[in-house]
Every structure is written in structure tokens, then in C-alpha cells.
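Q: With the input below, show me the fold.
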Amino acid sequence: MTSRIATVAIDALDVPRLAEFWMAVLGWRILEDDGEVLTIGPPDGTWPTIDLVRIGDLEAKTTKNRLHLDLRADGSTQALEVERVLALGARHADVGQGPDVSWVVLADPEGNEFCILSRSVQEAARPGT
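A: As a prediction, the model looks like this:
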């Protein structure tokens, strides 16, 4: 028996703002909001979901994430997806990546880093790619 990722939790100062950003990026919707935790997920009810957890100012992000999301542009190019996500409120982030990497590092409106890949890990693992 193994484990499966059910939910990724993201601490947030402004939960509604961050929820709107991630819903626009991923095409997801609100599944539940109990006032402290707002859960978003795919419209078809599949997993994983994202829990946006309200935190206080003293718990605000101050360092590089130790865990981040890697996103793949489905039905688009990496460049177009980066442009789209920047227009939604992301910004470029420098986490020490060199100039020769194939991914683009961005940060959400609260500074949480994530990457947009040039191709999926699955594609890179296939023979002949």
C-alpha cells in the first residue's frame, strides 16, 4: 500500500485573493470554505486539491519555499502560459536558478514560488524525447 497526495496546503494572508489567483491559473473552483480554510479543486472532483489556510501577519512568508508546484502548460506553449500567469498577478522569481534551465520560476501574489515547465516530466522520461 502507498500514499497518494490528497491536498497541498498553502498558508495565505489574503485567502480570497490567493484563491482567485490559483483558480484562474488552474481552471479550478471553490469546493469548501469554512472561514479558516478555503479548498479549491478541479471541477470534476478529482484530486489533489489545494487548501488555502488563513494565517496572521507574524507567520508571513520570509524565505524561499522548501516545497513548490511544477505546472505544465496544457494546450499552450510555456511562453504563452508564463505570459498568461503573469497577467493574473504572478511575478518572476529568482531562487538561484541558472540561465540554462528549461523551466520558468514565478511567484504567486504572496510570494510562493512555482515553476512552469517547458515540457512535462512524463514527456522527458519517454524514450526518444
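
Q: quick one, longest helix in the protein?
A: Longest helix of the chain, by residue count under DSSP state H: helix 15-26.

Q: buried stuff in that helix?
A: Neighbour-count burial for helix 15-26 flags Val15, Leu18, Ala19, Glu20, Phe21, Trp22, Met23, Val25 (criterion: 16 or more other C-beta atoms under 10 Å). Any C-beta I mention is one placed from the backbone N, CA and C, and that applies to glycine too.

Q: and which of the residues you listed is nearest Gly35?
A: Val15 (9.5 Å; C-beta to C-beta).

Q: What lies in contact with the longest helix of the chain?
A: Under the contact criterion C-beta atoms under 8 Å, 6 or more residues apart in numbering, helix 15-26 has outside partners 10, 12, 28-30, 38, 40, 42, 50, 52-54, 71, 85, 88-90, 108-110.

Q: 7 Å - rerun?
A: Residues outside helix 15-26 that contact it (C-beta atoms under 7 Å, 6 or more residues apart in numbering): 10, 12, 28-30, 38, 40, 50, 52, 54, 85, 88-89, 108-110.

Q: which pair in the residues you listed spans the largest distance?
A: Counting by C-beta to C-beta, the most remote pair of those is Arg54 and Val85, 23.6 Å apart.

Q: Mind checking which of the two has more residues around it?
A: Using other C-beta atoms under 10 Å as the criterion, Arg54 and Val85 rank with Val85 on top: 21 against 15.

Q: doesn't the more buried one fall inside a helix?
A: Yes: if the criterion is DSSP: H, G, I helix; E, B strand; the rest coil, then Val85 is within a helix.
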